[in-house]
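Peer 1: Provide a 3D model corresponding to the input given below.
(one chain, ligands or ions: 1)
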Amino acid sequence: MPTTSVPTNHDAVYAPSVPELIRQMRRKGQLGFFMDAWRDYGDLAHLKLGPRELFLVVHPDHVRRVNVSHADNYDKLETYEGVRELLLGDGLVASRGELWRRQRRLMAPFFTPRAIEQYLPVFVADTEALLDRWTRLAGQGLPIELGDEMMLVTAAVILHTMFSTESSDDMLEIKAAVETMIRYVASDQQSPVQLPRWLPTPANRRYFKASELVHRYIAALLAQRRSLPQDQWPDDLLTKLMLARDEQTGEAMSDALLRDESITIFFAGHETTARTLTFLFYALAQNPDVEQRTVAEITPVLGDRTPTVEDLKRLPYTLQVIKETLRLYPAAPIYARDVVADDQMDGVRIPGGTRVIPFPYATHRHPDFWPDSERFDPERWTAQAEAARHPYAFHPFAAGKRICLGNNFSLLETHVIAAMLIPRFQLRLKPGHQPQVVMEGTIASKNGMPMVINKRL
Ligand code: HEM
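Peer 2: Predicted structure coming up:
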């Protein structure tokens with residue numbers, strides 16, 4: 001990991017042969033490969049990987065240029081073709097141009113800090129279900145797989161807020177199907193060779209079956225709501241999307257768009273938050289002093305109660321712990337943009353037609369902005385420290401016009417879950433286990449995150 005400034009090596013291009021690239025990716029994984037490229041080639045590392053030419057974007061000035069000041073030149077073109085075709089259709093993450101602008105305008109009001117407070121009771125109820133399970137498991141000494149536990153709670157949250165799904169069988173079925181689709185896309189994107197989709201391979205068959213199930217489920221939900229008078233529709237995100245009208249044209253979303261946006265919210269919103277929570281508990285287990293301070297903050301505020309929005313305002317240190325987790329373990333360690341026309345950054349020519357890879361995992365370790373960057377230190381998040389820092393030294397949610405739509409949602413959800421679980425349970429890594437941090441679409445531990453749960457006294 002670099003400990004000094006990381007100058008851009010202006011002339012060097014890293015262009016390994018294809019067999020060498022495959023060997024390196026196998027050995028280091030995508031995340032390790034890009035981190036080494038940053039260390040060896042600097043803040044605008046220029047890579048030629050097979051037919052692809054790309055630049056890593058690490059320095060906060062460049063993060064700002066790509067996302068904010070020159071955002072129109074860094075678009076989502078062919079880079080997002082795979083997810084568009086296989087998973088998200090015209091949903092917000094992958095769409096662009098006028099369609100994206102209209103959809104973002106329509107959906108933004110449902111995700112403001114005020115608007116999402118409505119979902120607090122859902123966050124609380126789904127965490128209570130987890131609390132019950134953990135109360136039964138605590139003290140048995142058997143490790144749980146924390147990643148799976150967190151995926152279950154965040155999937156429940158998204159399915160309840162989105163669709164008011166009541167049956168837990170439906171919930172598990174939809175969760176499994178969307179996760180099958182996500183895994184398929186992730187492996188499709190990382191694989192050097194792509195077999196035709198029509199081949200009846202087990203992976204292709206699983207994907208099409210899952211995709212059909214999800215599409216059928218959403219179509220049935222839409223039909224069922226339309227069969228009822230509007231005042232009987234549940235007050236959830238799907239109803240809000242169904243009722244939304246474009247202020248300029250008065251148009252409603254088509255059924256295909258309602259489906260694509262629903263899948264998009266599920267895709268974007270559950271795994272990312274689950275990963276954040278998983279690494280948060282890992283960080284606490286590794287830093288008992290931080291853990292103690294967090295418990296000491298939460299206990300007197302909540303006692304035995306579940307949190308309200310007012311309570312959460314009185315838990316600022318817990319929020320600092322969440323932000324520090326997002327710094328060291330950003331759930332989306334990289335994202336990507338296609339370069340529309342030639343540009344220059346820091347004297348380096350960025351040709352149109354190439355790709356830039358904003359790289360939060362590296363920016364968040366940049367020695368010029370984060371001293372002793374590997375240390376987990378929530379003190380970096382006092383209001384004063386934040387105000388003194390470069391505004392784009394932290395971009396776990398991207399930045400600018402395409403900043404994550406669900407950032408407030410995710411922070412509130414994580415705050416609630418953390419505030420309810422941390423004072424009740426102490427989690428410790430299974431003895432001898434050393435997590436291997438990798439990128440599997442989102443940040444993950446390759447060998448899992450087995451944790452032993454104990455009740456706090
Ligand atoms: C810790 C949790 C989360 C992280 C780290 C995260 C991160 C991100 C990032 C990096 C992007 C930009 C992706 C790109 O440009 O390719 C993004 C976009 C997006 N996220 Fe999140 N996200 C999180 C949670 C959520 C949640 C909970 C929701 C919904 C409830 C959500 C909905 C979206 C949507 C709709 C977009 C597309 C926005 C647009 O292009 O207009 N995200 N997110």
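Peer 1: Contact residues of this structure facing the ligand?
Peer 2: 92-93, 104, 264-265, 268-269, 272-273, 276, 330-332, 335, 396-398, 402, 404-406, 409-410 (C-beta under 6 Å from any ligand atom). Yep, even glycine has a C-beta here, placed from its N, CA and C like the rest.
Peer 1: mind running it again at 5 Å?
Peer 2: When proximity is defined as C-beta under 5 Å from any ligand atom, the chain approaches the ligand at 92-93, 104, 265, 268-269, 272-273, 276, 331-332, 335, 396-398, 402, 404-406, 409-410.
Peer 1: tell me the contacts of His59?
Peer 2: Taking C-beta atoms under 8 Å, 6 or more residues apart in numbering as the definition of contact, the neighbours of His59 are 43-44, 346, 363, 366.
Peer 1: residue contacts, the residue of the stretch 351-457 of the chain at minimum distance from the ligand?
Peer 2: The shortest separation between the stretch 351-457 of the chain and the ligand is 2.0 Å, found at Gly406 (distances taken as C-beta to the nearest ligand atom). Under the criterion of C-beta under 8 Å, 6+ apart, the neighbours of Gly406 are 111, 265, 268-269.
Peer 1: Can you read off the backbone torsions of it?
Peer 2: Backbone torsions of Gly406, given as degrees, to the nearest 10, read phi -100, psi 20.
Peer 1: thinking again about what came up before, can you flag the buried ones in the contacts of His59?
Peer 2: Burial by neighbour count, judged by 16 or more other C-beta atoms under 10 Å, picks out 43-44, 363, 366 from the contacts of His59.
Peer 1: Which of those fall within helices?
Peer 2: Thr363 (DSSP state H).
Peer 1: Turn the buried ones among the contacts of His59 into TSV, columns for pLDDT.
Peer 2: TSV is the format used below for the buried ones among the contacts of His59 (pLDDT from 0 to 100):
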residue	pLDDT
Asp43	93
Leu44	94
Thr363	98
His366	98
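Peer 1: Break down the stretch 151-300 of the chain into its helices, ranges please.
Peer 2: Taking DSSP state H, counting those that start in this stretch as the criterion, the stretch 151-300 of the chain carries its helices at 168-190, 202-226, 237-243, 255-269, 271-286, 288-302.
Peer 1: With respect to Pro391, which of the contacts of His59 is nearest?
Peer 2: Distance ranking of these against Pro391, using C-beta to C-beta, places Thr363 first at 11.9 Å.
Peer 1: The closest one and Pro391 touch, don't they?
Peer 2: No. Under the contact definition of C-beta atoms under 8 Å, Thr363 does not touch Pro391, with a separation of 11.9 Å.
Peer 1: Name the residues contacting each of these two.
Peer 2: Counting by C-beta under 8 Å, 6+ apart, the shared contacts of Thr363 and Pro391 are Pro60.
Peer 1: Make JSON lines from the contacts of His59 and add distance to Gly448 to it.
Peer 2: What follows is those, written out as JSON lines (distance: C-beta to C-beta, whole Å):
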{"residue": "Asp43", "distance to Gly448": "33"}
{"residue": "Leu44", "distance to Gly448": "35"}
{"residue": "Asp346", "distance to Gly448": "40"}
{"residue": "Thr363", "distance to Gly448": "27"}
{"residue": "His366", "distance to Gly448": "29"}
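Peer 1: out of the residues you listed, which are inside strands?
Peer 2: Residues from these lying in strands, with DSSP state E as the criterion: none.
Peer 1: can you tell me how far the nearest residue to Gly353 once chain neighbours are set aside sits from the ligand?
Peer 2: In this structure, Gly353 finds its nearest non-sequential neighbour in Val339, 6.5 Å apart by C-beta to C-beta, 6 or more residues apart in numbering. Relative to the ligand, Val339 is positioned 15 Å away (criterion: C-beta to the nearest ligand atom, to the nearest Å).
Peer 1: residues in contact with Val339?
Peer 2: With C-beta under 8 Å, 6+ apart as the criterion, the residues that contact Val339 are 73-74, 350-356.
Peer 1: from those, which ones fall inside strands?
Peer 2: 74, 350, 355-356.
Peer 1: Now the residue nearest to the spatial centre of the chain: closest residue in space, sequence neighbours ignored.
Peer 2: Among the residues of the chain, the one closest to the centroid is Thr272, at 3.0 Å (C-alpha atoms, centre = their mean). Residue nearest to Thr272 in three dimensions, not counting chain neighbours: Ala331, with 4.0 Å by C-beta to C-beta, 6+ apart.
Peer 1: how many neighbours does the one you found have?
Peer 2: Ala331 has 25 neighbouring residues, counting by other C-beta atoms under 10 Å.
Peer 1: wait, isn't it in contact with His270?
Peer 2: No. Taking C-beta under 8 Å as the contact criterion, Ala331 and His270 are not neighbours in contact, 10.7 Å apart.
Peer 1: so where is the stretch 101-250 of the chain shaky, pLDDT-wise?
Peer 2: Counting by pLDDT under 70, the low-confidence segments of the stretch 101-250 of the chain come to 191-193.
Peer 1: Quick check, the residue in it closest to the ligand?
Peer 2: When C-beta to the nearest ligand atom is the measure, the stretch 101-250 of the chain has its nearest residue to the ligand at Arg104, with 4.9 Å between them.
Peer 1: can I assume that residue is in contact with Arg96?
Peer 2: No. Under the criterion of C-beta under 8 Å, Arg104 lies out of contact with Arg96, with a separation of 10.7 Å.
Peer 1: on that earlier part again, just put the buried ones among the contacts of His59 in JSON lines and tack on distance to Gln436.
Peer 2: Formatted as JSON lines, the buried ones among the contacts of His59 follow (distance: C-beta to C-beta, whole Å):
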{"residue": "Asp43", "distance to Gln436": "26"}
{"residue": "Leu44", "distance to Gln436": "28"}
{"residue": "Thr363", "distance to Gln436": "22"}
{"residue": "His366", "distance to Gln436": "23"}
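Peer 1: Tell me the one of the buried ones among the contacts of His59 nearest Pro450?
Peer 2: Using C-beta to C-beta, Thr363 is the member of the buried ones among the contacts of His59 that sits closest to Pro450, with 30.1 Å.
Peer 1: So for that closest one, what's the nearest residue that isn't a sequence neighbour?
Peer 2: By the measure of C-beta to C-beta, 6+ apart, the closest residue to Thr363 outside its immediate chain neighbours is Val58, 5.2 Å from it.
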